[in-house]
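A.B. asks: Generate coordinates for the sequence data below:
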Amino acid sequence: MTIGIVAFGPHAGLAVFKALQAVERVARGSIGGYASFVAVTADAVLRHETQRGGTGTLFTAGESTGLDPDPATAAARLAGVMSSGPDRPEPLAQFTPAAAGVGLVTGHRLPNMPGADGMPLNSAALDLMRGGTDAPEAVDRVLDGNPGADAGLIAGSLVGAVYARNSDRVMQRPDLGQARRVAGGSVVAILHNAIRPVAPLADLAAEVALDVMLRRGESDGEIEVRAGTPVVAGSENRVLVGPELVATEIQTSDGRLVTGRWNCAAIYLGARVVQDGTDLGATMTEPNMIVENGRVVSMSGQEVLRVGFRKRDEAD
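C.D. replies: Predicted structure coming up:
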């Protein structure tokens, strides 16, 4: 039972929500019921919860359900969730203790159960963090002192430390999923059990969260490409554009494309977009193109098409 997700980075609140939503759409088992969601800022703890319906009922407005997080929650740089089947003991906040200016702790299995000192494991880890202990050490100290606990913990701090670990007892289970990703200053960690298929779910959720935080799929601008644009051989894949970001020349490293008729990707994924010698970024898509005798005939069946690009230091 349960999945725990913590993310730190731009729009971590939205990232955690989308990661859980993705798991709900493909998984079976202990999922789609309760969700205890928390976002943490320097000044506030933003909580949202539901007993049934998972992400479908976590954020509502009037008669509408199935909404994305509100702007403040979505934009938080640290967020976490614990979710499983329906109808867990109240208050649901017991599953995701958090402190403004410090961080949060979530997990899977039963991280709210008392440890050897009588304090809930997740609250004990958060108390250590309040006292200045970093997230990894806080989790290790709690679980080292409670090897028989039926719990895994994920702690996240506002300085960007995110750490997940299972207890010795939980590590013996055959149904565990776990993932951690770090990229571009963003971090996501996931633990789950009793949700299938086991192997791919944590990886899927982690990649979805990173897509949100790293803005994968979002463009910084668009160029316009028209039928008749010249296609020439070059040492690298580039698109030269004029002052209105209209393509004036497509350069391809595949020299075959400049003669004869081809169904091809003359504008290759990641091609540099260059304007007056300035590198504007890299293309994010590659239209299916018909090129004949060094000229564009069509792109994805169109004679005019817009192609998004990302700034070079942010492009995938």
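A.B. asks: Which residues in stretch 144-160 does the neighbour count mark as buried?
C.D. replies: 146, 149-158, 160 (16 or more other Cβ atoms under 10 Å). The way it works is simple: take the backbone N, C-alpha and C, and place the C-beta from them, glycine included.
A.B. asks: Filter those down to the ones in strands?
C.D. replies: 151-157 (DSSP state E).
A.B. asks: out of the residues you listed, who's nearest Asp134?
C.D. replies: Among these, Ser157 lies closest to Asp134 (Cβ to Cβ), at 6.8 Å.
A.B. asks: Can you pull the domain assignment for this structure?
C.D. replies: Under the assignment automatic domain parsing, the domains of the chain span 3-213, 221-310.
A.B. asks: gap between the first one and the chain center?
C.D. replies: Right, domain 3-213. 13 Å (Cα atoms, centre = their mean, to the nearest Å).
A.B. asks: what do you get for stretch 266-280?
C.D. replies: 27 Å.
A.B. asks: tell me how far the ends of stretch 285-305 are from each other?
C.D. replies: Chord length of stretch 285-305, first to last residue, is 11 Å (Cα to Cα, to the nearest Å).
A.B. asks: what comes up buried for that stretch?
C.D. replies: 286-287, 289-291, 294, 296, 298-299, 305.
A.B. asks: Which ones among these lie within strands?
C.D. replies: 289-291, 296, 298-299, 305.
A.B. asks: the strands in the stretch 101-250 of the chain, which residues?
C.D. replies: 103-109, 151-157, 162-166, 177-183, 186-192, 195-196, 221-226, 231-233, 238-241, 247-252 (DSSP state E, counting those that start in this stretch).
A.B. asks: right, and those - which one's nearest Gly260?
C.D. replies: The nearest among these, by Cβ to Cβ, is strand 231-233 at 11.4 Å.
A.B. asks: Spit out the contact partners of the residue sitting nearest the centre point of the chain.
C.D. replies: Nearest to the mean C-alpha position of the chain, by Cα atoms, centre = their mean, lies Ala209 at 1.0 Å. Going by Cβ atoms under 8 Å, 6 or more residues apart in numbering, Ala209 touches 5, 7, 12, 15-16, 18-19, 181, 188.
A.B. asks: do the same with Ser186
C.D. replies: Counted by Cβ under 8 Å, 6+ apart, Ser186 has contacts 7-10, 12, 15, 210, 213-214.
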